[in-house]
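# sharing a sequence plus its predicted fold:
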Amino acid sequence: AQKVTQAQTEISVVEKEDVTLDCVYETRDTTYYLFWYKQPPSGELVFLIRRNSFDEQNEISGRYSWNFQKSTSSFNFTITASQVVDSAVYFCALKRAGNMLTFGGGTRLMVKP
Amino acid sequence: EAGVAQSPRYKIIEKRQSVAFWCNPISGHATLYWYQQILGQGPKLLIQFQNNGVVDDSQLPKDRFSAERLKGVDSTLKIQPAKLEDSAVYLCASSSIRQGPPYEQYFGPGTRLTVT
């Protein structure tokens, strides 16, 4: 069975603080992909990053960084120097062969000025 | 390149009424997905099409939900009759097999359904 857990349902920070969103996954597959999506108030899911199970290199893109650790089945997302525009719901998702995406419950991030 | 289009954006109906949602995927994308996102939860896959054939509809409540993609392009999702618990955002996504794995999905803006 596939499962994605985002234990933090809501996080509130003040602008310019760093914040980490946690994601823990379960899968029996050896080949899989992990994703992060952002869902702003407009409702559309915006793709942020994907990782395959064979690539544990961490990635940095501007203020965003991702830490993938297979040993702990985690794929955490850090926003450095948060901004008000980062306020959104963030979803971690797992994809197995056959194209099915399994989403976590999401973390609502509120960045206050 | 135009994104995934969905209509209507909002719909309010009474329970036991019927409703239909429309989705037009990105041009050339053979795979189309319908997701249901209940408030406060992550999206849940309802049905996946490859061209005009169903790949996975294991989580589609078939007693009231139906979906079709007759010509392998746009798709319609129908609920008949609607229940209060069907209130949710219905998201459509598409992906291209030409890109190779992981067949990244592109999402539309969704249709917000309220059943009263």
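Received the coordinates, thanks. Worth saying up front: this structure is predicted, and the values here are computed from it rather than measured.
# would you mind listing what in chain B touches chain A?
Residues of chain B lying near chain A by Cβ under 8 Å from any Cβ of the partner chain: B:31, B:33, B:40-45, B:48, B:55-56, B:89, B:91, B:93, B:95, B:101-110, B:112. For glycine as for every other residue, the C-beta is placed from the backbone atoms N, C-alpha and C.
# again, only this time at 7 Å
With Cβ under 7 Å from any Cβ of the partner chain as the criterion, chain B comes near chain A at residues B:31, B:41-43, B:45, B:48, B:56, B:89, B:91, B:102-105, B:107, B:109-110.
# ok, and the helix or strand in chain A with the lowest average confidence?
Every helix and strand in chain A was compared by mean pLDDT, DSSP states H and E; the lowest is strand A:59-61, with a mean of 84.
# which SSE is immediately downstream of that one?
Heading C-terminal from strand A:59-61, the first helix or strand you meet, by DSSP states H and E, is strand A:64-69.
# thinking again about what came up before, show me which of the residues of chain B next to chain A has the smallest pLDDT value.
Least confident of the residues of chain B next to chain A in the model: residue B:102, at 67.
# quick one: residue B:43 from residue A:24, how far?
18 Å (Cβ to Cβ, to the nearest Å).
# ok, back up a step: chain center to the least confident helix or strand of chain A, what's the gap?
Its chain's C-alpha centre and that of strand A:59-61 lie 13 Å apart, by Cα atoms, centre = their mean, to the nearest Å.
# ok, now stretch B:41-56?
7 Å.
# got the contact list for residue 89?
All of this is about chain A. With contact taken as Cβ atoms under 7 Å, 6 or more residues apart in numbering or on different chains, residue A:89 is in contact with A:39, A:106, A:107, A:108.
# wrong chain, I was asking about chain B
Shown in contact with residue B:89 (Cβ under 7 Å, 6+ apart): A:43, B:37, B:110, B:111, B:112.
# ok, the residue nearest to the first one when sequence neighbours are not counted to residue A:33 distance?
With Cβ to Cβ, 6 or more residues apart in numbering or on different chains as the measure, residue B:110 is the residue that lies nearest to residue A:43, at 4.8 Å, once sequence neighbours are left out. The span separating residue B:110 from residue A:33 equals 23 Å under the rule Cβ to Cβ.
# any residue of stretch A:7-17 up close to chain B?
No. Residues of stretch A:7-17 are not located near chain B by Cβ under 7 Å from any Cβ, the shortest gap being 8.0 Å.
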